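> I would like the atomic coordinates for the input below:
(one chain, ligands or ions: 1)
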Amino acid sequence: MKNRINIIHGDITKVAVDAIVNAANSSLLGGSGVDGAIHRIGGKQILEECQKIRAKQGGCSVGNAVITRAGNLPARYVIHTVGPRWGGGKQNEAELLRYCYLNSLTLAYDNNVSTISFPNISTGVYKFPKEYAAEIALQTINESLSNDSTIKQVNIVCYDIDNYNIYNKMIQNL
Ligand code: ADP
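As a prediction, this is how the structure comes out:
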């Protein structure tokens, strides 16, 4: 399935797709890093829809995902998923990160998304080790694609060059 996975070096808000995945926090109210960029460029539609979700279900727990429209971003949807904060590896971080990818892809399938971009969830402020996170992301995406054909393309948009190099190397062994 790796022919449907595309590794990109750049800014996720600039790449046109059906759905952009956001590395959000549990509040869904925006934050720093990619979350900040998505809310800044997407505008108030995203925040308003996140506030409605908060009112209904009180935010989003770690490993889960919710979907909103994408405001001014070049996409139809934003899928907000909450990555785990790295705490040494014994707090189920790996499984929770895997669930971020799986639950985001499930929402994508349910909404007939055919192209989707992921950032490198949890590898910024949440300090998940980059190599380990890349291994989890690639395996989970690859497995999921082999069970479904509605998603034609998954972009992994790496903002930092370290992640870009890690993914490019790792995808060869997939
Ligand atoms: P987390 O709290 O999940 O670690 P961060 O936003 O701090 O979230 O970082 C997640 C990843 O997103 C990091 O690898 C960071 O370099 C990257 N990132 C930051 N801004 C952007 C952007 N505009 N597009 C894509 N990735 C970004």
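
> Can you tell me which residues in this structure are near the ligand?
11-13, 23, 32-35, 37, 83, 119-126, 157, 159-160, 163 (Cβ under 6 Å from any ligand atom). The way it works is simple: take the backbone N, C-alpha and C, and place the C-beta from them, glycine included.

> Can you list which of those are found in helices?
Gly33, Val34, Asp35, Ala37, Asn163 (DSSP state H).

> quick revisit: strands - which of the residues of the chain next to the ligand land there?
Among the residues of the chain next to the ligand, the members found in strands (DSSP state E) are Ala23, Val157.

> Report the buried residues of stretch 17-27.
Within stretch 17-27, the residues scored as buried using 16 or more other Cβ atoms under 10 Å are Val17, Asp18, Ala19, Ile20, Val21, Asn22, Ala23, Ala24, Asn25.

> chain center to that stretch: distance?
In this view, stretch 17-27 has its centroid 6 Å away from the chain centroid, taken as Cα atoms, centre = their mean, to the nearest Å.

> Give me the phi and psi angles of Thr140.
phi -70, psi -40 (degrees, to the nearest 10).

> surely it meets Leu102?
Yes. Counting by Cβ atoms under 8 Å, Leu102 is a contact partner of Thr140 at 6.0 Å.
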